[in-house]
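Asker: Requesting a structural model of the entry that follows:
(2 chains)
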Amino acid sequence: MVINNCEGVGVTVENMKIYMDNSATTPVKKEVVENMILYMTENFGNPSSIHDLGKTSKHAIENARKKVAKAIGAGESEIYFTSGGTESNNWAIKGIAFANRNRGKHIITSSIEHHSVLHACEWIEGQKFEVTYLPVDKYGLVSPEELKSAIKDDTILISIMFANNEIGTIQPVEEIGKIARENRIYFHTDAVQVVGHIPIDVTKMNIDLLSLSGHKFQGPKGCGALYIKTGTKIETLIHGGDQERKRRAGTENVPAIVGLGKAIELATDEIEESNKILFEMRDSLIRGLITIPKTHLNGHPTQRLANNINVNFEYIEGESLLLMLNAKGIFASAGSACNSSSLETSHVLTACGVKPEIIRGSLRLSLGMMNTLKDVDKVLEILPEIVQKLRNMSPLTPQEYRTL
Amino acid sequence: MDYSAKVMDHFLNPRNMGSIENSDGIGEVGNAKCGDVMKIFLKIEGDRITEVKFQTFGCGAAIASSSMATELIKGKTLEEAWRLSNKAVAEALDGLPPIKVHCSMLAEEAIHEAINDHIRKKGLEPWID
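Answerer: Model (predicted):
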């Protein structure tokens, strides 16, 4: 990779790049791209057209729908394509709230949800709905007992994410689904980080609505899906034409839908073998990183996604850490990529009770199938040096942790 | 973060990083909760800054601002150093992204604190802007 020196001249550093930001996004698989290209070039028809070109596109969408349904144990007619995880989450929350407001106005979610859930919930609070934001323990787990006691007579929706994007903590989804079902409350889960890492069965898990996003599992960006269980009362979010069984208007993003279908098929076929490799890399990274003094693991030690590592280094700040890693060809993030340009601290780490003085020193490494154990070794060689360099620079570092 | 080449240079190769034993003035500003702490150490002979060092906890812009600010006041008189504005620091770095401008202000404030620490030690009234 190339960086510029003070004269603006490109200086080649090391000829290597290690991408460990797979929770932000993933590269699209070659075979997925190959499937997509055909639907941008030769088979460019509008699926709503009557002619053969239109029918070809329509069939391609239905084929992709089958694949998504199969991947999560749903029926084909329960899958609706959207523009991604954010739209799916917005649709689930606003759609359920407005369609069921005669039944009740109370919604339960958690304090560590993605912003597309939290900000949608804040918005509906302004529309006279009431939202309970459940706390989490230090590992980021929602307590089923606390969920039970938060339920009111007028609770219409429980929206709890399947696994967290920053710290990787996996929620007791099946238990939550059971509670929701027993109380006859809709259960939505944001599974954006989960597809391809944990097998999903919406029936067994009592899930009524589930959000997923293509680019998190080596599919294209700008395409996702919302699973809506048959019989669920939900309002439409995007009004217009008759696409997606009249529930989500707008000409379908055919190439992306085709890509998502192929990607979810590949990702869910490989869960067991890919997790085996990811677990090994994850655990050696965690083992290595926590040997650095004053370093803390965020999230649950075992109930966590196979590709997630999140640690806090005391006395240093996350952005400078990321920039130095970047200069060494290691691409990572501090928490969620969606928020890296704002100066806010992570609401997830805050909810887990990480002290404000050390919350700025967080690092998320999220693994993918392009990573190897060699990458892990390289990161474990470079990262401690950078942490030390920044600690030597920091006025907060006690003398015993300095080398200068 | 879209930083200039100069910011990246000062961030990756910071000048005057460290501390000064028996310094004549120390200024520390910011707090860890907000994400920036900057500490400036001065060695002063007569009214001239002969040596300057910094320690910074913060983002790339905060570290680069500290490095640049210390370069700009080295060898200067206390009055000249006092007049160094955050704007001059940002300009010397070929600009900072708008959300990072406060980092250059922190450098200006840290220098003011360090100079006033020296002045107070001499039993004089601290300077005000």
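
Asker: tell me the mean pLDDT over stretch A:74-84?
Answerer: Mean per-residue pLDDT for stretch A:74-84: 98.

Asker: My error: substitute stretch A:152-166 in the last question.
Answerer: pLDDT averaged over stretch A:152-166 gives 98.

Asker: same question, stretch A:52-62
Answerer: 98.

Asker: Could I get the buried residue list for that stretch?
Answerer: A:54, A:56-58, A:60-61 (16 or more other C-beta atoms under 10 Å in any protein chain shown). Backbone N, C-alpha and C define where each C-beta goes, glycine included.

Asker: For that stretch, give me every contacting residue.
Answerer: Counting contacts by C-beta atoms under 8 Å, 6 or more residues apart in numbering or on different chains, the residues outside stretch A:52-62 that touch it are A:39, A:43-49, A:76, A:81, A:252, A:254, A:257-258.

Asker: Among those, which are located in helices?
Answerer: A:254, A:257-258 (DSSP state H).

Asker: which among those gets closest to A:Glu400?
Answerer: A:Ile257 (56.9 Å; C-beta to C-beta).

Asker: B:Val89 in helix, strand or coil?
Answerer: helix (DSSP: H, G, I helix; E, B strand; the rest coil).

Asker: hang on, it packs against B:Leu72?
Answerer: Yes: using C-beta atoms under 8 Å, B:Val89 makes contact with B:Leu72 at a distance of 6.8 Å.

Asker: and A:Met369, helix, strand or coil?
Answerer: Classified using three-state DSSP, A:Met369 is coil.

Asker: show me the contacts for it.
Answerer: A:Met369 neighbours (C-beta under 8 Å, 6+ apart): A:218, A:274, A:277.

Asker: now do 7 Å
Answerer: Contacts for A:Met369 (C-beta atoms under 7 Å, 6 or more residues apart in numbering or on different chains) come out as A:Ser274.

Asker: State the distance from it to A:Val376.
Answerer: Counting by C-beta to C-beta, to the nearest Å, the gap between A:Met369 and A:Val376 amounts to 14 Å.

Asker: quick one: contacts for the most centrally placed residue in chain B?
Answerer: Per C-alpha atoms, centre = their mean, the C-alpha nearest to the average position across chain B is that of B:Ala107, at 3.7 Å. Shown in contact with B:Ala107 (C-beta under 7 Å, 6+ apart): B:38, B:65-66, B:69, B:86, B:89.

Asker: Check which helix or strand it maps to.
Answerer: helix B:101-121 (DSSP states H and E).

Asker: Which positions in that helix come out as buried?
Answerer: B:101-119.

Asker: just stretch A:299-314 next, same as before
Answerer: A:299-300, A:304-314.

Asker: Between these, which sits nearest chain B?
Answerer: A:Glu314 (9.8 Å; C-beta to the nearest C-beta).

Asker: count of residues packed around the residue nearest to that closest one when sequence neighbours are not counted?
Answerer: By the measure of C-beta to C-beta, 6 or more residues apart in numbering or on different chains, the closest residue to A:Glu314 outside its immediate chain neighbours is A:Lys294, 3.9 Å from it. A:Lys294 sits with 17 neighbouring residues when counted by other C-beta atoms under 10 Å in any protein chain shown.

Asker: Would you mind confirming that A:Thr203 makes contact with A:Gly75?
Answerer: No: using C-beta atoms under 7 Å, A:Thr203 is not in contact with A:Gly75; the gap is 9.4 Å.

Asker: Please identify which of the two sits among more neighbours.
Answerer: Shown here are A:Thr203 and A:Gly75; by other C-beta under 10 Å, A:Gly75 has more neighbours (15 against 12).

Asker: Kindly provide the distance from that one to chain B.
Answerer: 45 Å (C-beta to the nearest C-beta, to the nearest Å).

Asker: residues contacting the closest residue to chain B within the stretch 51-200 of chain A?
Answerer: Residue nearest to chain B within the stretch 51-200 of chain A (C-beta to the nearest C-beta): A:Glu166, separated by 17.2 Å. Applying C-beta under 7 Å, 6+ apart to A:Glu166 gives the contacts A:310, A:335-336, A:346, A:348, A:364.

Asker: Helix, strand or coil: sort out it for me.
Answerer: coil.

Asker: Quickly name whichever of the contacts of B:Ala107 is closest to chain A.
Answerer: B:Met38 (7.5 Å).
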